[in-house]
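Enquirer: Okay, structure incoming, though there's no sequence with it:
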């Protein structure tokens with residue numbers, strides 16, 4: 001068996017270490033002496049911007065054996081479509097998993113953009129379909145559609161996008177109307193991107209059952225993850241494959257890894273990540289760690305730690321341990337039915353090299 005292992009591209013910027021926190025490389029932060037993109041050299045901007053850092057990470061991860069990179073999308077990042085097009089020339093076989101929310105693009109335009117990028121890259125586009133966590137960030141995009149309706153919109157969006165790809169296509173629905181929509185013949189012949197579909201609510205799981213090639217979840221305690229996979233299968237005529245987004249902190253020894261966590265926890269102090277999101281996945285994650293006081297209380301099972309959100313923005317759970325322990329946990333997930341991973345670590349550049357060198361070769365489930 002072989003699994004696809006992607007790495008996350010830190011489009012929002014990166015810290016020099018998980019325990020340190022402050023972003024000093026990539027991203028659109030202030031110009032700081034010694035920072036990497038944007039940085040100052042001799043008091044002047046050094047010209048090394050966010051895209052330059054993303055290119056470093058993309059080249060490093062392709063060289064480290066990763067199948068491709070997740071291109072996230074936030075109000076504080078470059079547009080992932082444009083970034084993927086720019087980075088495609090920096091790599092050869094590397095796939096670009098573009099995160100986007102249906103509703104911010106019309107499906108006809110999304111089909112044309114996707115097919116054009118497929119043609120330009122030799123078929124290296126992958127979709128990460130997200131429907132938004134609500135709250136203030138959703139309103140930043142100008143999107144006032146309610147939670148379950150966003151998944152209904154996503155499902156209709158994908159129906160139209162696939163119809164246009166194989167058009168001509170007519171559709172009159174709740175959110176979209178098209179007549180005779182089709183791609184030019186050369187674009188229509190491009191491979192349709194694989195669909196990674198995110199969401200933990202019942203509405204998301206039902207939509208994923210219809211459209212997902214891969215159902216993508218944040219990491220959770222393994223029993224809970226297995227239950228979620230079973231629900232997706234129940235809602236699927238043709239069950240999708242499964243993928244998990246996992247932060248990893250792996251070191252030569254278990255003690256070194258936990259010392260990194262301890263130092264980061266001490267730095268974070270009493271800071272808390274606000275629960276402004278409507279995301280069911282986020283709320284589920286919080287429920288698994290309710291009542292935890294000390295950082296070691298957040299270890300819900302060996303090597304599975306639920307405090308990463310205290311050390312960097314993003315999901316709660318990740319893996320902590322020595323190289324063999326982290327590889328064993330990943331193999332356990334493969335045993336639960338996981339067919340693909342999106343891994344991440346801080347800083348993304350050096351940690352990609354570390355994981356590629358010391359963890360990926362240990363995965364039993366990654367052997368063809």
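Expert: Noted; the coordinates are in hand. All values derive from a computational prediction rather than experimental measurement.
Enquirer: Contacts only, for the residue most central in space within the chain.
Expert: The residue lying closest to the centre of the chain (Cα atoms, centre = their mean) is residue 70, at 5.1 Å. Residues counted as contacts of residue 70 (Cβ atoms under 8 Å, 6 or more residues apart in numbering) are 6, 7, 8, 9, 97, 99, 128, 245, 342. All C-beta atoms are positioned from the backbone trio N, CA, C, and that covers glycine.
Enquirer: Could you tell me the phi and psi values at residue 119?
Expert: Recorded main-chain torsions at residue 119 are phi -60, psi -40, according to degrees, to the nearest 10.
Enquirer: Chain neighbours aside, what residue packs nearest to it?
Expert: residue 190 (5.4 Å; Cβ to Cβ, 6 or more residues apart in numbering).
Enquirer: what about that neighbour, how many neighbours?
Expert: 21 (other Cβ atoms under 10 Å).
Enquirer: my guess is it meets residue 123, correct?
Expert: Yes: with contact defined as Cβ atoms under 8 Å, residue 190 reaches residue 123; the gap is 6.7 Å.
Enquirer: how close does the residue lying farthest from the centre of the chain get to residue 33?
Expert: Distance from the centre of the chain peaks at residue 42, with 36.3 Å (Cα atoms, centre = their mean). Using Cβ to Cβ, to the nearest Å, residue 42 is found at 10 Å from residue 33.
Enquirer: can you check residue 151 too?
Expert: For residue 151 relative to residue 33 (Cβ to Cβ), the value is 46 Å.
Enquirer: Looking at these two, which one has more neighbours?
Expert: residue 151 (24 against 11).
Enquirer: and residue 247, what are its bridge partners?
Expert: Taking DSSP bridges, one obtains residue 318, residue 344 as the residues bridged to residue 247.
Enquirer: Equivalent analysis for the one 4 residues further on, please.
Expert: On the basis of DSSP bridges, residue 251 takes part in beta bridges with residue 322.
Enquirer: Correct me if wrong: it contacts residue 324.
Expert: No: with contact defined as Cβ under 8 Å, residue 251 does not reach residue 324; the gap is 11.1 Å.
Enquirer: Quick check: end-to-end length of stretch 312-319?
Expert: 14 Å (Cα to Cα, to the nearest Å).
Enquirer: residues near the closest residue to residue 49 other than its chain neighbours, how many?
Expert: Nearest residue to residue 49, sequence neighbours excluded (Cβ to Cβ, 6+ apart): residue 37, at 5.1 Å. Residues lying near residue 37 (other Cβ under 10 Å) number 24.
Enquirer: so what's residue 37 up against?
Expert: Contacts of residue 37 by Cβ under 8 Å, 6+ apart are 25, 26, 27, 46, 48, 49, 50, 52, 53.
Enquirer: can you pull out the helices in the stretch 151-300 of the chain?
Expert: Taking DSSP state H, counting those that start in this stretch to define them, one finds helices in the stretch 151-300 of the chain at 185-188, 202-211, 222-234, 254-268, 280-288.
Enquirer: Residue 176 is nearest to which of those helices?
Expert: helix 202-211 (14.9 Å; Cβ to Cβ).
Enquirer: any weak-confidence spans in the chain?
Expert: The chain contains residues with pLDDT under 70 at 1, 132-142, 269-283, 285, 290-291, 366-368.
Enquirer: thinking again about what came up before, out of the contacts of residue 70, which end up buried?
Expert: 6, 7, 8, 9, 97, 99, 128, 245, 342 (16 or more other Cβ atoms under 10 Å).
Enquirer: which one of those sits closest to residue 304?
Expert: Checking the buried ones among the contacts of residue 70 one by one against residue 304 (Cβ to Cβ), the nearest turns out to be residue 245, at 13.8 Å.
Enquirer: Not counting residues beside it along the chain, what's closest to that closest one?
Expert: residue 342 (4.5 Å).
Enquirer: which two from the contacts of residue 37 end up farthest apart in space?
Expert: Applying Cβ to Cβ across the contacts of residue 37, the maximum distance is between 27 and 46, 14.5 Å.
Enquirer: Pick the most deeply packed of the helices of the stretch 151-300 of the chain.
Expert: Of all those, helix 202-211 has the most neighbours on average by mean count of other Cβ atoms under 10 Å, namely a mean of 21.
Enquirer: Pull the residues that contact that helix.
Expert: Contacts for helix 202-211 (Cβ under 8 Å, 6+ apart): 129, 131, 147-148, 151-152, 154-155, 158, 195, 197-199, 215, 228, 231-232, 234-237, 239-240, 280.
Enquirer: gap between it and the chain center?
Expert: Mean-position distance between helix 202-211 and its chain equals 18 Å (Cα atoms, centre = their mean, to the nearest Å).
Enquirer: Give me the buried positions along stretch 338-357.
Expert: Buried, per 16+ other Cβ under 10 Å, within stretch 338-357: 338-349, 351-356.
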